[in-house]
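[1] Just need the structure, nothing else, for what follows:
(chains A and B)
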Amino acid sequence: MKLVPCPLHGPRPMEEFVYGGELRPAGDAAVADDAAWGRHVFDRQGIPATRREWWYHLPSGTWFVAVRNTASGEFLETTDAADHRS
Amino acid sequence: MMSRLAPQPGEWLDRTRRGVFEFEGQRVEFLAGDTYSSALAASGRLTLARSFKYHRRRGLFSAANHDANVLLQIDGRPNQRGDVLLARAGARVAACNTSGGVERDRGAHIEKLARFLPVGFYYKTCLSRRWFPSFERVIRRVSGLGRIDPAARATQAPHRYLHCDVAVVGAGLSGMTAALAAQAAGAGRVVLVDESPRLGGAGTHGRAAEGEREARAAQLRERIATARIHVLEGHCAFGLYEDGRLGLAQAATPDGGLVLLRAARIVLATGAIEQPIVFRNNDLPGVLLASAAQRLLQRHAIACGSRIVVVTATPEGAEAALDLAAAGVQVVAVATLAGSQPLGGTQHAALTAAGLRVLDQHAPVQAIPDGAGVVAALELENGGRVTRLACDSVLLSAGWSPALQLSLQGGGTLRWSAALQQHLPDGLPSRVYVTGRAKGIHGLDAKLADAELTGAAAARGDAAPPVAEHREARSAAHAFPLFAHPKGKEFVDLDEDLTIADLRNAMQEGFDGPELLKRYSTVGMGPSQGKLSSLNALRLLAAERNLPLAEVAMTTARPPYQGVTLGALAGATPAPLRRSALDDVHAALGAQWLPAGAWRRPAYYARDSAPRERCIAAEVRAVRESAGLIDVSTLGKIHLLGPDAGRLLEASYTGRFLDQRVGTTRYALMTDEAGMIIDDGVVARSGPQSWYVTATTGASAAVHRELQRRVIELSLDCVLHNATGALAAVNLAGPRSRDILAALCRDDLGDQAFPYLGYRELELVCAAAQVMRVGFVGELAYEIHVPFDDAAALWTAIMAAGGRDGVRPFGVEAQRVLRLEKGHIIVGQDTDALTSPDEAGLARAVRLDKGGFTGARSIEALRRRGPRQQLIGFTLEAASPPFCECNLVLGPAGPAGRVTSVAWSPTLGRVIGLALVSPAVAALDELQVRADDGRRHRIRRAPTPFYDPRNERQRGGAAA
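    Predicted structure coming up:
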């Protein structure tokens, strides 16, 4: 199975991680009409690409952000989640 | 007739150890080292199986499970690989796909219907909705391999994990050489894997021609034995997964544990799979691959016949004839296949010197069966002249297909070499190397030289020697070994009974791409996954479309390379059981366990051998009448500390917390971005900048995780401490609970000093405790949180102090009844992933006026639309629930929702429950529920709480 590069602990097996979804901007609740808000809540982009995603290392309780090629599954870069505050 | 020979050099057999198994009621003797296939062959049996579709007789074909002929039912387990499994004494064995045994299979008549079962038959019949149900019944009965024994015991074998620098797959001459070279070049840990129980691969085939082969193999085996190389014999590498992980299945014990091997670099020395010649009746028992004859001879000392004809396009075919002749077996003739390269002069001379008749450039016309349905003669044709050779065995050798499935699984690619008539590795997955015949290198010296270099390159992580088209005598192969016959029955795919005409018809129907042809005709989709059929199907396709083979891509390869049982894949990954601090206490009290997430919790406590329902009712009564004690340690318990802790709560839960007074608790409801309920709990404010939050058992880890994420997203100054495991908690509930707790501390517990929904940190006699006065079960109640190690002392102290009052431990079942009497929901039972707070009757917990929280915007939008469902309470006059949770609620116009909770209330003396129903029926006084048995029961809508509707008891006003 896959190895995931944890920014704190180096490569660790996939079972130690939880996928937290794509990193995306918070919706603007004040502006959006119901339909636009619905799209923000439910629509996700499934096209394979290089994406920024939330990942969580369970044993150490660490969130981080990974840049991942979703076609190949390759982790290109991991960074401290704090650098990606919205 | 197959038969056992005198001992052969290097044979796998231990002739001093014999055994007997049973094949379809008959005794079969075997020697230690025999596989089921070889033992059956040695017993003289030729028909070992019946084919999948037409129930034709089939026999041993590759002796390596490259075909799927010999799949056996062994001791109730279906589809066991006879070619690979070592025979076990006492086993009860049968062919998989027969009705009435392999010799008298009543399914055989189906072949007469062959012309009504064209290619794509299944798809065509299934188009008719009218006929499909009856066809399906017939097909289900006659198709399928093997029978599952419903009484079979599940076996659970744990996975083993190994790590190494270089893993070499395949322990033939190339693999052994590469492993030794990798180690010599500095690889610390080298693992060598082979499916066979002995090292050597096909290294000893052709010993009559090249005498030094056996000596080389023996020498390599010896060096491996003394080297620090981890050898995994009897393990089949079935899958290459991400980041260099190989899945290895034990060949001898299919249910045995898998080995998951993580390798920094992998050398595939997997060799090549001999390809068959396709002609009429090429599937008769007695017709087999030349390499199969070699395996039988070299490993099991079995002569595959007593009058053998060899048809070959390769030098290996001729070598098989020489090896058999040298072992004293009669070879009637060696025919070179029409269109193949002529045999080398030395080989021709060797055959002649051995006294063998050589027929140059002959094409097979057909094999002819005898009365018993096995091969009796072969017809060959040359320039219009047909020669008929009486024989009892026909050996075929057309060429080679590299066993590169593992590389292809990892994303590797192939290219076609017209010079070699073989695919060669093109792109390889990262960290994967290839050597040996899989790389298109057939000559002994070239092979060993490449393995030497490749092994060393793998050890160092260097580039491997390039793939070259090593054209040499041994790499000869035939360009088109398919010989159509006007009467058909030339089997391209033995698994699926597909003939040349079947594939041509499929292509003419328009399914003329490799992947389309595969799916429509099912070629290569059987258990052997095209090892012997894919290449020939591609050849037919290229010919049909007039394309060079190089332009026809091989179909996608996916794991597993060989069949692996689901049990082996599942393994026995032990699910770690979390035990609360009071686990031993519960066990001593007769707890009957209930799984709860990762934990186990007492469902109820068995007492005086009373039935379950009576125990639960007594526990309920104890709580209502005096006091009960329940372990709630499985709740999530999280401390929030810091100036922004209140903001974190307001952003994460639907309620208000910034205005919460220190020393109080509030109900907390969490929704997701879509405004749906995901958790609930209690929030206690323990100080100006500190809160203590509980979460439900199943969601506690996720709640903690989401709170952490929000701290990052909102840049909050707040620290989280997950104390779920560090703290234990009990709930002491009932009218007598205050008196019992009072005995454990000096504090004033009166309604003024410690009111309903209060939070206090108390110094109990046995522990420092955080105590919340909350009312899940609807009585005066205290939830007491203490350090893990103090829990047992607390429990003992409470039971001692409450003994006079009749305090009784209660379990999850009684708690469910108690909270249902109060109409309190359980998130995940009375709600699902699509239930909003309004629909669950929790609108009062939502404060849209406070500024945003996760889900607020969606709840606002949902309110404009109105609810899609509504949680209602109901009652029913009955002594026990006549239906179950999740049963359908019926309104006047049909289905209207489902029951989410139902139980008999000992307090109220009737059945009570909750149901999620459509708003259209939510106001009706009466509805119906359809039980599992189809019967309908009237339910009467009732307001909640069912019990103590004014909540006086939990406030303490009416208590005691």
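
[2] Pull the number of nearby residues for the closest residue to chain A within the stretch 751-900 of chain B.
    Closest residue of the stretch 751-900 of chain B to chain A, Cβ to the nearest Cβ: residue B:857 (3.7 Å). C-beta coordinates here come from the backbone N, C-alpha and C atoms, glycine included. Residue B:857 has 24 neighbours, counted by other Cβ atoms under 10 Å in any protein chain shown.

[3] With residue B:418 instead?
    So residue B:418, with other Cβ under 10 Å, has 11 neighbours.

[4] residues contacting the most centrally placed residue in chain A?
    The geometric centre of chain A, computed from its C-alpha atoms, lies nearest to residue A:53 (Cα atoms, centre = their mean), at 1.6 Å. Residue A:53 is in contact with A:19-23, A:65-68, counting by Cβ atoms under 8 Å, 6 or more residues apart in numbering or on different chains.

[5] for residue B:299, same thing?
    Residue B:299 neighbours (Cβ under 8 Å, 6+ apart): B:11-12, B:33, B:38, B:198.

[6] same deal with residue B:920?
    Neighbouring residues of residue B:920 by Cβ under 8 Å, 6+ apart: B:891, B:893, B:896.

[7] ok, 7 Å please
    residue B:891 (Cβ atoms under 7 Å, 6 or more residues apart in numbering or on different chains).

[8] any idea of the pLDDT on it?
    Here, the pLDDT recorded for residue B:920 equals 94.

[9] For stretch B:770-787, give the mean pLDDT please.
    Stretch B:770-787 shows a mean pLDDT of 95.

[10] does residue 47 count as helix, strand or coil?
    All of this is about chain A. coil (DSSP: H, G, I helix; E, B strand; the rest coil).

[11] Hmm, no, I was thinking of chain B.
    At residue B:47 the chain is in coil, as set by three-state DSSP.

[12] For chain A, which segments count as helices?
    Here chain A has its helices, by DSSP state H, at A:34-42.

[13] before we move on, back to that, by neighbours, which of the contacts of residue B:299 wins?
    Neighbour max across the contacts of residue B:299 (other Cβ under 10 Å) = residue B:38, 28 neighbours.

[14] For it, give its distance to residue B:11.
    Counting by Cβ to Cβ, to the nearest Å, the gap from residue B:38 to residue B:11 is 11 Å.

[15] same check, this time on residue B:641
    From residue B:641 across to residue B:11, the span is 74 Å (Cβ to Cβ).

[16] go on, residue B:605?
    Counting by Cβ to Cβ, the gap from residue B:605 to residue B:11 is 65 Å.

[17] same thing with residue A:6?
    Note on residue A:6: its distance to residue B:11, by Cβ to Cβ, is 52 Å.

[18] Same question for residue B:529.
    The spacing between residue B:529 and residue B:11, counted by Cβ to Cβ, is 30 Å.

[19] How about residue B:553?
    Note on residue B:553: its distance to residue B:11, by Cβ to Cβ, is 42 Å.

[20] what sits against the closest residue to chain B within chain A?
    Closest approach between chain A and chain B, counting by Cβ to the nearest Cβ: residue A:29, at 3.7 Å. Applying Cβ under 7 Å, 6+ apart, one finds that residue A:29 lies in contact with A:37, B:852, B:856-857.

[21] sec struct for residue B:624, please.
    Per three-state DSSP, residue B:624 ends up helix.

[22] If we ignore the residues flanking it in sequence, what's nearest it?
    Once flanking residues are discounted, residue B:624 sits nearest to residue B:907: 5.4 Å by Cβ to Cβ, 6 or more residues apart in numbering or on different chains.

[23] Show me the common contact partners of residue B:38 and residue B:11, please.
    Taking Cβ under 7 Å, 6+ apart as the criterion, residue B:38 and residue B:11 both touch residue B:300.

[24] from what I can see the residue of the stretch 751-900 of chain B closest to chain A touches residue A:37, true?
    Yes: if you go by Cβ atoms under 7 Å, residue B:857 and residue A:37 touch, sitting 5.6 Å apart.

[25] that's a strand at residue B:296, yeah?
    No: per three-state DSSP, residue B:296 lies outside any strand segment and is helix.

[26] Give me the neighbour count for it.
    By other Cβ under 10 Å, 25 other residues sit near residue B:296.

[27] in terms of contact, does it touch residue B:290 like I think?
    No: here residue B:296 lies out of contact with residue B:290, judged by Cβ under 7 Å, at a distance of 10.8 Å.

[28] Please name the nearest non-neighbouring residue to residue B:202.
    The shortest distance from residue B:202 to any residue other than its chain neighbours is 5.9 Å, reached at residue B:172 (Cβ to Cβ, 6+ apart).

[29] residues in contact with the one you found?
    Contacts for residue B:172 (Cβ under 7 Å, 6+ apart) come out as B:200-203, B:269, B:271, B:436.

[30] so which of these comes closest to residue B:575?
    Set against residue B:575, the nearest of the contacts of residue B:172 by Cβ to Cβ is residue B:269 (38.1 Å).

[31] thought that closest one was touching residue B:439?
    No: if you go by Cβ under 7 Å, residue B:269 and residue B:439 don't touch, sitting 8.8 Å apart.

[32] ok, the two, which is more surrounded?
    residue B:269 (33 against 28).
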